[in-house]
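>>> Quick one, what's the 3D model for this:
(2 chains)
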Protein chains: 2
Amino acid sequence: MSETFRIGLLGHGTVGAAFAELLDARAASIERLTGRRPAISGVLTRSRGDAHEIVDGADLVVELMGGVEPTRELVERALRAGTPVVSANKQLLSRFGDEVWAASREGGAALRFEAAVAGVVPVIRVLSETLAGAHVDRIHGIVNGTTNFILTRMAATGEPYAGALAEAQALGYAEADPTEDVTGADAAAKMAILARLAFGAAVGLDDVVYEGIEHLTADDMAYAEQFGLALKLVGTAERAGEGVSVRVHPAFLPTGHPLASVDGAFNAVTIESPAITEVTISGPGAGGPQTASAVLGDVVSVMRGAPALDVASVPAVIASDVESAFYLHLEVADRPGVLAQVAERLGLQGVSVKSVLQTGLETNARLVMVTHPVSESRFYAAVELIGALDFVRAAPRAIRVIDESFTA
Amino acid sequence: MSETFRIGLLGHGTVGAAFAELLDARAASIERLTGRRPAISGVLTRSRGDAHEIVDGADLVVELMGGVEPTRELVERALRAGTPVVSANKQLLSRFGDEVWAASREGGAALRFEAAVAGVVPVIRVLSETLAGAHVDRIHGIVNGTTNFILTRMAATGEPYAGALAEAQALGYAEADPTEDVTGADAAAKMAILARLAFGAAVGLDDVVYEGIEHLTADDMAYAEQFGLALKLVGTAERAGEGVSVRVHPAFLPTGHPLASVDGAFNAVTIESPAITEVTISGPGAGGPQTASAVLGDVVSVMRGAPALDVASVPAVIASDVESAFYLHLEVADRPGVLAQVAERLGLQGVSVKSVLQTGLETNARLVMVTHPVSESRFYAAVELIGALDFVRAAPRAIRVIDESFTA
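Next up, the predicted model:
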């Protein structure tokens, strides 16, 4: 009988229970692979278990309790003592990244967190290992399955946001209180984690600008189709000048983009680097069994002796103004000269238009256009000028468009 | 100044030269990551260098010379001496897998080969690490960029195989002698490597049944569109009964399948496992810089202390008859009773039809159908009976169809 590898399990909710079950089922094959038999040496639930005793008596801590307190103290305690930690906790990693990575360095203990971003889609491993030493320029990700499910339904059926959300809730893809998902906050935490890893910069949740999907309309979807674009909630982390920019917002993708065809509750991440052009990884977003499987992959890596990642904590310079192409939707009075006046305001700010669609709607008309890439500040300055024109009947609607530079 | 990590480079063709250049450009960042500065300590070219001296004087051997002799002797020499090897050599790994893995075990030296399959698409890492300890049921892959480029052109333009091949050659996507690619042999070697890794079974190139794309016609493409299917050269490695089945052949994919939208010279692999449902990884197929980047990723992993994989060499049981759905294309005389007689022959062998399309063509008609999954032996027995019917005007054409069981 080989040596036992003691796993202290913090948290026994859906994912914790699924992990315990999966570990049990795979223990024999992991023993063959690593020479040690993994076994759970202690479980902390809401009502039972001595947290410090479990942490101190483990060869590895699996943290699936969520939240930041007292989780943070327990994770840092383990790491400082040299005990590796596997965590799925995006809140902890995105809000206290500096602190937990400092503890990992101090104790020389591995911290792994594949399950914190995009469930079983192995983006953390690809970034930290396959692309270790490569220069990553940009990451685009669909990292929230709930919003992608809602947008996919809106695009497929033409129904409004509220109806698609209700359907997602009925099917268990959205929670009763969907705020964290639909506002983009969940995706923002994940993008902060990816940015830290990709750029070696101390990006935290507070550095991420985000916008949700609640204001999107069936109209936006219909125009997207006419322009050959798919509307998704896209997280972007990219180098911009001397700094980095990390943000989450609804964005139109050209149909050839690898993320455009990612539908339903799936997640996908595209990583761009000069050496590789781009790699896209996709799969189901987090469910209990998928998340447990991602956690188990990390556990096996640690058991096989994977070294601690050295995730740099160089202060991040956050770029405040980045370039993007835009979709602009205007409701205007249907009279001559409207397009000319709009075009003039755009031109004043250096915004160049790529395509325009004008449709009549009784006495009103709609003017929908897609611009070439331009700095966001200039674009919004132009939108402010346009919004002040007397023939504009409703607040202008603007949505970013991701260009085709890297598509196949 | 930190310690130097000596890399012996075997081969200095397109990929070898690209690797040397990339290593040079990234040496400083790799030194920060690993504490050692990688440097090339010797290069074996066609005309220069003492192979044994280079191998024996290295901390790691990068094998990019290709071929199986004398490559195999050099790779095994390094591994037996405990020196890790990074290789992009699919011929060596698929034809002499038993021997090189035995040498890796004997010397306790890591053998890494991400670049051997699907270029920069990190399928080896995902299989061997993310999914270590998971039970993989099936892998589907588009692992040859040349044939995917040709099929994409045929589908987009309606041009015949020969024209699309000529175009691929003119653009550098196909070699002057495209045999290795268009016959499916290249894809077969890659699928053998994936199967060994995924199933821990000693699968070699000889165990892989393969079929190329030379006989595909513009007609097949046109029908594919009518049935809502995409025609690709697909490699499959799957568990079948007590054994495994590994094969490469043209196959129709439903448009919702993650591989259906992989176009041009891209590669992509879908891995199915109960715990994760499925994960798809896609990116550009191998070019010099991409392959060099995949090799460098492996080098960095070894420098960071990644342990040797224990790739089992349990004899493989190769399943001889597996189930598949089929597309069947018949040119028949246009007279009553034809469909009934064809259906009767199919029924005799237990082949059940999912959809049928009949189109007139002057005095001839075409009968195109898609079946439900059935064992290949039964299906081909039915095709033989059908081919003997007097109203069948040309040899029946059959192409496999991959079902939708795992799509989003």
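>>> chain center to the worst-scoring helix or strand of chain A on mean pLDDT, what's the gap?
In chain A, the helix or strand scored least confidently by mean pLDDT, DSSP states H and E is strand A:314-315, which has a mean of 78. Distance of strand A:314-315 from its chain centroid, counting by C-alpha atoms, centre = their mean, to the nearest Å, is 21 Å.
>>> at contact distance from chain B, anything in that strand?
No - counting by C-beta under 8 Å from any C-beta of the partner chain, chain B has no neighbours in strand A:314-315; the shortest distance is 11.3 Å. Backbone N, C-alpha and C define where each C-beta goes, glycine included.
>>> Give me the sheet partners of that strand and which way each runs.
Strand A:314-315 pairs in its sheet with strand A:201-202 (parallel), by DSSP bridges.
>>> now the partner strand, how far from the chain's geometric center?
Relative to where its chain is centred, strand A:201-202 has its mean C-alpha point 17 Å off (C-alpha atoms, centre = their mean).
>>> hmm, who's touching it?
With C-beta atoms under 8 Å, 6 or more residues apart in numbering or on different chains as the test, strand A:201-202 has contacts from A:97-98, A:195-196, A:244, A:312-317.
>>> cool, and stretch A:72-80?
A:8, A:10, A:51-52, A:55-56, A:58, A:61, A:63, A:84-85, A:87, A:89, A:92, A:96, A:99-100, A:103-104, A:106-107, A:109, A:111.
>>> re earlier: can you pick the most crowded of the contacts of strand A:201-202?
The residue in the contacts of strand A:201-202 with the most neighbours, by other C-beta atoms under 10 Å in any protein chain shown, is residue A:195 (31 neighbours).
>>> on that earlier part again, tell me the one of the contacts of strand A:201-202 nearest chain B?
residue A:312 (8.6 Å; C-beta to the nearest C-beta).
>>> So which bits of the stretch 1-150 of chain A are right by chain B?
Residues of the stretch 1-150 of chain A lying near chain B (C-beta under 8 Å from any C-beta): A:22, A:26, A:29-30, A:33, A:114, A:120-122, A:125-126, A:129-135.
>>> Just the ones of those in helices?
Using DSSP state H to define helices, the subset of the residues of the stretch 1-150 of chain A next to chain B located there is A:22, A:26, A:29-30, A:33, A:125.
>>> in what helix or strand does the closest residue in space to residue A:389 that isn't next to it in sequence lie?
Nearest-residue entry for residue A:389: residue A:341, 6.1 Å, with adjacent residues in sequence omitted and distances by C-beta to C-beta, 6 or more residues apart in numbering or on different chains. Following DSSP states H and E, one finds residue A:341 within helix A:338-348.
>>> Touching that helix from outside, list them.
By C-beta under 8 Å, 6+ apart, helix A:338-348 touches A:330, A:332, A:352-353, A:356, A:358, A:365, A:367, A:371, A:382, A:385-386, A:389, A:391.
>>> if you set the cut-off to 7 Å instead, what comes out?
Outside helix A:338-348, the residues within contact range by C-beta atoms under 7 Å, 6 or more residues apart in numbering or on different chains are A:330, A:332, A:353, A:358, A:367, A:382, A:385-386, A:389, A:391.
>>> In ChimeraX, how would I pick out whichever of those residues are buried, leaving the exposed ones unselected?
Of the contacts of helix A:338-348, the buried ones can be selected in ChimeraX as follows, counting by 16 or more other C-beta atoms under 10 Å in any protein chain shown:
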select /A:330,332,353,367,382,385,386,389,391
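>>> In three-state terms, how would residue A:350 be classified?
Taking DSSP: H, G, I helix; E, B strand; the rest coil as the rule, one finds residue A:350 in the coil state.
>>> Name the nearest residue to it, ignoring sequence neighbours.
In space, residue A:350 is closest to residue A:378, 5.6 Å off (C-beta to C-beta, 6+ apart).
>>> helices or strands next to the helix or strand in which that neighbour is found in the packing?
Per DSSP H and E: residue A:378 is located in helix A:376-387. In terms of contacts (3 or more C-beta pairs under 7 Å, 6 or more residues apart in numbering or on different chains; DSSP states H and E), helix A:376-387 is packed against strand A:323-333, helix A:338-348.
>>> quick one, which of these is packed in tightest?
Burial of the helices and strands packed on helix A:376-387 is given as mean neighbour count (mean count of other C-beta atoms under 10 Å in any protein chain shown); strand A:323-333 ranks first at a mean of 20.
>>> now the angle from it to helix A:338-348?
Strand A:323-333 runs at 150 degrees relative to helix A:338-348, counting by axes from the mean of the first three to the mean of the last three C-alpha atoms, to 10 degrees.
>>> helices or strands up against strand A:323-333?
strand A:364-371, helix A:376-387, strand A:397-401.
>>> Mean pLDDT added to the ones you listed, as a markdown table?
A markdown table is the format used below for those (pLDDT from 0 to 100):
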| stretch | mean pLDDT |
| --- | --- |
| strand A:364-371 | 87 |
| helix A:376-387 | 95 |
| strand A:397-401 | 93 |
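>>> export the ones you listed to a markdown table and tack on distance to residue B:290?
Output for the helices and strands packed on strand A:323-333, formatted as a markdown table (distance: least, C-beta to C-beta, whole Å):
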| stretch | distance to residue B:290 |
| --- | --- |
| strand A:364-371 | 31 |
| helix A:376-387 | 32 |
| strand A:397-401 | 28 |
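>>> hang on, the earlier thing: need the ones in helices among the residues of the stretch 1-150 of chain A next to chain B in a markdown table (columns: neighbour count).
Shown next, in a markdown table, are those (neighbours: other C-beta atoms under 10 Å in any protein chain shown):
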| residue | neighbour count |
| --- | --- |
| A:22 | 20 |
| A:26 | 21 |
| A:29 | 15 |
| A:30 | 21 |
| A:33 | 18 |
| A:125 | 23 |
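>>> tell me which residues in the helix holding residue A:378 are buried?
Quick answer for helix A:376-387 (16+ other C-beta under 10 Å): A:376, A:378-383, A:385-386.
>>> Report the buried members of the contacts of stretch A:72-80.
Buried among those (16+ other C-beta under 10 Å): A:8, A:10, A:51, A:55, A:58, A:61, A:63, A:84-85, A:87, A:89, A:92, A:96, A:100, A:103-104, A:107, A:109, A:111.
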